[in-house]
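*Asks:* Here is my input, please return the structure:
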Amino acid sequence: MHLPSPRFHRILAVGLAIGVALWAILGRMPRSPSPESAPTAGAPAAADPPSIVLFTLDTTRADHLGCYGFAKARTLRLDELAAAGTRFSLARTTCPLTLPAHSSILTGLEPFRHGVRDNAGYRLSAGNATLAELLSAAGYETAGFVAAVVLGRASGIAQGFATFEEPRRGNVPERVYPSIRATDVNAWVFEWLAARDRSKPFFLWIHYYDAHSPYEPPPQYAMGAASPYDGEISAEDAAVGEVLDRLADERDAGRLLTIVTSDHGEGLGFRGEETHAIYVYEPLVHVPLIVRWPAKGGGGNGGAARAGAVRNDPVSVVDVFPTVLEAAGVTAPLQSDGVGLARAPLPGRRIYSESLHPWLNHGWSPLYALSGAGLKYIHSTQPELYAIAPGAVEGEDLVEKRPADVAELRGELQTFLREHTELGTADGDGRVEIDSARQAALMRMGYFGVDSRGIPLPDPFALDDNLVRATPERLERYTKATTPGLGFTLPQAIAELQKIVAEEPSEIAVLDCLGRLLVETKRTQEAHAPLERLLKLRPGHADGWGNLGACHQIEGSYDKAIECYKTALDLDPTSPGPLVNLAIVLDHLGRKEEAAEVRKTIEAQKKQ
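*Replies:* Modelled structure (predicted):
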C-alpha cells in the first residue's frame with residue numbers, strides 16, 4: 001500500500017482545515033582528519049581553487065542508476081560521469097527526509113548536531129556554517145537553485161547564497177510544498193551562468209525534485225521506462241547532462257569539481273513503505289554519490305587518475321562538506337562529522353542514519369542505524385541486525401543469531417554519544433519555538449504546555465517500551481485510513497481513525513488527520529478531543545494549531561481562532577492556510593487594517 005508523503009497529506013487539506021533529547025551518534029568511526037593532515041594525491045591545490053557544482057537528486061535510489069548495476073536504467077549522463085570520476089558504492093544519507101539530509105550535506109554535520117530532525121517544524125539555524133557561507137567568505141560566487149519549497153528560504157537552507165531561487169507558491173495556497181521540474185530549475189541555472197562573474201570561482205548547488213512522488217515523467221522519459229519512477233530519474237539524468245554541457249569549458253580546463261548525490265531513496269513498497277520518511281532500510285538510506293575531480297590536482301596527480309574508480313568503503317553525505325572545503329582550501333569553524341572523499345578510506349568506519357519522523361509524526365519508536373561494510377544495526381524498541389553488501393537490501397534479521405554483534409554495535413552508539421557531544425553543535429535543537437507572548441495568550445485560554453521545545457526528544461537508550469514499531473501492517477492500515485477514497489468513504493475513514501485512536505491514543509498523524517476530517521465535515525464538537533490531544537503530545541505541531549483554529553472559527557469563537565492561527569504561523573510562517581483564514585476572521589470582526597496587512601503577506605508569499 002502507498003504511504004502518502006507529508007506533502008501529500010498537506011495537499012489533501014481543503015476548506016478551512018489546514019493539513020500537518022536525543023543526542024544520537026555515529027558508530028565507532030574515527031573523527032575527521034584535522035585540517036593539517038595531508039590529503040591523498042589528487043586533491044586540488046588551494047592556490048588554484050576549482051569551481052564546484054553540486055547536484056542533489058531528491059528521492060533518488062542508488063540502485064536505480066545504470067552505473068550502480070540497474071540494467072533497465074536510462075541514466076546515460078550519470079553513467080558517463082561515474083566513468084570519468086569516482087563512484088562510491090556504499091554511500092548513505094543521514095536521514096530519509098529532504099530538509100534534514102540537505103542540512104547535513106551543506107553543513108557536514110549529523111542531524112543531532114545541526115539540529116534539523118524533520119521537514120515540518122524545523123529550520124536550519126543561522127548558527128550553522130554552510131558551504132555557501134564559507135565559500136562566499138573565501139571569494140567564491142555562490143548560487144543555489146531548488147525545485148521544492150521544502151528547501152525554500154524559510155527553511156534556513158539558503159544562508160550564504162548570493163543568488164537563490166525556489167518555486168513560487170502561485171495561487172494554490174493549500175499546497176505547502178509546491179515543486180517544479182528539472183527543466184525549470186535549469187532555466188534559472190542557465191540564466192545565472194550567462195551572467196556570472198567569470199573572475200571568480202563559483203559554488204553552484206542544483207536540486208532536482210522529479211523523482212519525488214507522484215511519479216509523472218514527461219512522455220519522452222515515460223516511454224520505455226522500467227517504471228514511472230525510473231522515468232523521472234531519466235528526466236533528472238538529462239537535466240544533469242545539460243548543465244554539464246554548459247560547464248564543459250570549466251571542466252576541460254581542469255577547474256571543475258562535480259558532485260552528484262541524493263538526500264534519500266524511496267521505499268517503493270519495501271516492507272510496506274511506498275515513499276520515504278519512516279524506515280532507515282537500504283532503499284531509503286542508500287544513495288548515489290559520484291565525484292568527478294578537477295584535472296588540476298596536488299602532488300602531480302589529478303582527476304584523470306581517478307577516472308572509473310569505484311570505492312566500496314562506507315561513506316556518508318556528510319562527506320560532501322569536507323570534500324568541497326578541502327578542494328577550495330577553506331577551513332570550517334566547527335569540526336565536520338565527514339571525511340574528505342579525496343582521502344584514503346578509514347578502516348572500520350561506520351555510518352549513521354536516523355529517522356525521528358515515526359516518533360514526531362506517529363508516536364512510534366524512532367529509528368537509529370549504524371552501518372559498516374558488512375553489518376547494519378538498527379536501534380529502536382526492537383533492535384535489528386542485518387548482513388549487507390553494495391546493492392543489497394535487508395534480508396534475514398540476525399538479532400537472535402548474533403547477540404554479541406548487537407551488544408557491540410549498541411555500545412558503539414553509546415560511545416559516540418560521548419565523543420560527538422565533545423565536538424559541539426551550532427544549535428542542538430532546530431525546532432521552531434513559540435514566543436513567550438503567544439504562550440501566555442494560549443495559556444490564558446486554557447492551552448497549557450505550548451512551548452514547542454518543552455518536550456525532550458527521545459533518548460535512544462531509554463526508549464519507552466510502550467512505543468510501537470512501524471510495521472507493514474501498521475503502515476497499510478494508517479495509509480488506508482488517512483486517504484479517503486483508498487478503500488473507505490469519508491465517514492468510513494473517520495470511523496476507522498477513531499478506532500485507531502482508541503487502540504493507540506498517541507498516534508500523532510492519526511489524531512491530526514482525524515481532527516482535520518472532523519473539521520472539514522463540521523463535526524467540530526468531536527474534533528476538539530483529537531486536536532487537543534495532538535497538541536498536548538506535540539505542542540509544536542503547526543497544522544494542529546491551524547486545524548484547531550478552523551474548529552473555533554466554525555463555532556464562532558473568533559478570539560481563540562485568531563490565537564490558534566497566529567500560533568500556527570509562529571511555528572510555520574510559510575503555511576498559507578492559517579493566513580487566509582486569519583484574514584477572513586479579522587474581516588468578519590471589522591478589523592480591516594489588520595486583515596489588509598495579512599492579505600499583503602499572502603500576496604507577498606505568492607510572489608516568492
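
*Asks:* What's the first helix or strand after the helix or strand bottoming out on mean pLDDT in the chain?
*Replies:* The weakest-scoring helix or strand in the chain, judged by mean pLDDT, DSSP states H and E, is helix 6-12 (a mean of 32). Counting by DSSP states H and E, the next helix or strand C-terminal to helix 6-12 is strand 51-57.

*Asks:* which residues make contact with the helix or strand harbouring Ala143 from outside it?
*Replies:* For Ala143, the host element (DSSP H and E) is strand 141-145. For strand 141-145, the surrounding residues in contact (Cβ atoms under 8 Å, 6 or more residues apart in numbering) are 132, 135-136, 157-158, 160-165, 185, 188-189, 192, 196-197, 200-207. Bear in mind the C-beta positions are built from the backbone N, C-alpha and C, glycine included.

*Asks:* Give me the subset of these lying in strands.
*Replies:* Counted as lying in strands by DSSP state E, out of the contacts of strand 141-145, are 163-165, 202-207.

*Asks:* TSV for the residues you listed, including pLDDT and neighbour count?
*Replies:* TSV is the format used below for the ones in strands among the contacts of strand 141-145 (pLDDT from 0 to 100; neighbours: other Cβ atoms under 10 Å):
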residue	pLDDT	neighbour count
Thr163	98	17
Phe164	98	20
Glu165	96	22
Phe202	97	23
Phe203	98	27
Leu204	98	25
Trp205	98	26
Ile206	98	23
His207	98	24
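
*Asks:* Might you list the low-confidence residue ranges for the stretch 201-350 of the chain?
*Replies:* 296-305 (pLDDT under 70).

*Asks:* quick one, helices of it?
*Replies:* For the stretch 201-350 of the chain, the helices defined by DSSP state H, counting those that start in this stretch cover 219-222, 228-246, 248-252, 282-285, 320-328.

*Asks:* residues near Tyr215, how many?
*Replies:* If you count neighbours by other Cβ atoms under 10 Å, Tyr215 ends up with 19.

*Asks:* do you know how far it is from Asp230?
*Replies:* Distance, Tyr215 to Asp230, using Cβ to Cβ, to the nearest Å: 9 Å.

*Asks:* residue ranges with poor pLDDT in the protein?
*Replies:* Ranges of the chain meeting pLDDT under 70: 1-47, 169-177, 296-305, 417, 421, 426-428, 433-454, 574, 607-608.

*Asks:* any idea which residue sits dead centre in it?
*Replies:* Against the mean C-alpha coordinate of the chain, by Cα atoms, centre = their mean, the closest residue is Thr98 at 1.8 Å.

*Asks:* Would you mind confirming that it is in contact with Gly152?
*Replies:* No: checked against Cβ atoms under 8 Å, the pair Thr98 and Gly152 is beyond contact range at 11.2 Å.

*Asks:* residues shared between the contacts of those two?
*Replies:* By Cβ under 8 Å, 6+ apart, no residue touches both Thr98 and Gly152.

*Asks:* need the helices for the stretch 51-200 of the chain, in chain order.
*Replies:* For the stretch 51-200 of the chain, helices defined by DSSP H, counting those that start in this stretch occupy the ranges 76-84, 98-107, 111-114, 131-137, 182-195.

*Asks:* Switch these over to JSON lines; also include distance to Val320.
*Replies:* JSON lines is the format used below for those (distance: least, Cβ to Cβ, whole Å):
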{"stretch": "helix 76-84", "distance to Val320": "15"}
{"stretch": "helix 98-107", "distance to Val320": "5"}
{"stretch": "helix 111-114", "distance to Val320": "14"}
{"stretch": "helix 131-137", "distance to Val320": "8"}
{"stretch": "helix 182-195", "distance to Val320": "19"}
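
*Asks:* These: which one's closest to Ala595?
*Replies:* Nearest of the helices of the stretch 51-200 of the chain to Ala595, taken as Cβ to Cβ: helix 98-107 at 31.8 Å.

*Asks:* List the contacts of the closest one.
*Replies:* 54, 56, 58, 93-95, 109-111, 113-114, 116-119, 122, 124, 128-132, 148, 150-151, 155, 157, 205, 207, 261, 263-264, 316-318, 320-321, 426, 430.

*Asks:* cutoff 6 Å now
*Replies:* Helix 98-107 has contacts (Cβ atoms under 6 Å, 6 or more residues apart in numbering) with 93-95, 111, 114, 116-117, 119, 124, 128, 130-131, 150, 155, 157, 263-264, 317-318, 320.

*Asks:* With just CA atoms, put that helix into PDB.
*Replies:* The C-alpha coordinates for helix 98-107 follow below in PDB (Å, rounded to 0.1, in the frame of the first residue of the first chain):
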ATOM      1  CA  THR A  98      14.700  16.300   2.500                       C
ATOM      2  CA  LEU A  99      15.500  19.100   4.900                       C
ATOM      3  CA  PRO A 100      17.500  17.200   7.500                       C
ATOM      4  CA  ALA A 101      19.500  15.400   4.800                       C
ATOM      5  CA  HIS A 102      20.300  18.600   2.900                       C
ATOM      6  CA  SER A 103      21.200  20.300   6.100                       C
ATOM      7  CA  SER A 104      23.800  17.500   6.600                       C
ATOM      8  CA  ILE A 105      25.100  17.800   3.100                       C
ATOM      9  CA  LEU A 106      25.600  21.600   3.400                       C
ATOM     10  CA  THR A 107      27.000  21.700   6.900                       C
END
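
*Asks:* just the angle between it and strand 202-208, please?
*Replies:* 160 degrees (axes from the mean of the first three to the mean of the last three Cα atoms, to 10 degrees).

*Asks:* Confirm that Gly395 sits in a helix.
*Replies:* No: secondary structure of Gly395 (DSSP: H, G, I helix; E, B strand; the rest coil): coil, not part of a helix.

*Asks:* Run a quick neighbour tally on it.
*Replies:* Residues near Gly395, counting by other Cβ under 10 Å, number 9.

*Asks:* And Leu486, by the same measure?
*Replies:* 13.

*Asks:* Could you pull up the contacting residues of it?
*Replies:* Residues in contact with Leu486 (Cβ under 6 Å, 6+ apart) are Lys480.

*Asks:* helix or strand for it, which one?
*Replies:* Leu486 belongs to no helix or strand, assigned by DSSP H and E.

*Asks:* any idea how far it is from Lys480?
*Replies:* Leu486 is 6 Å from Lys480, where distance means Cβ to Cβ.

*Asks:* go on, Ala83?
*Replies:* According to Cβ to Cβ, Ala83 and Lys480 sit 45 Å apart.

*Asks:* Have a look at these two and say which one is more surrounded.
*Replies:* Lys480 (17 against 14).

*Asks:* any idea where the helices of the stretch 351-500 of the chain begin and end?
*Replies:* For the stretch 351-500 of the chain, applying DSSP H, counting those that start in this stretch gives helices covering 357-362, 403-423, 436-444, 472-482, 490-503.
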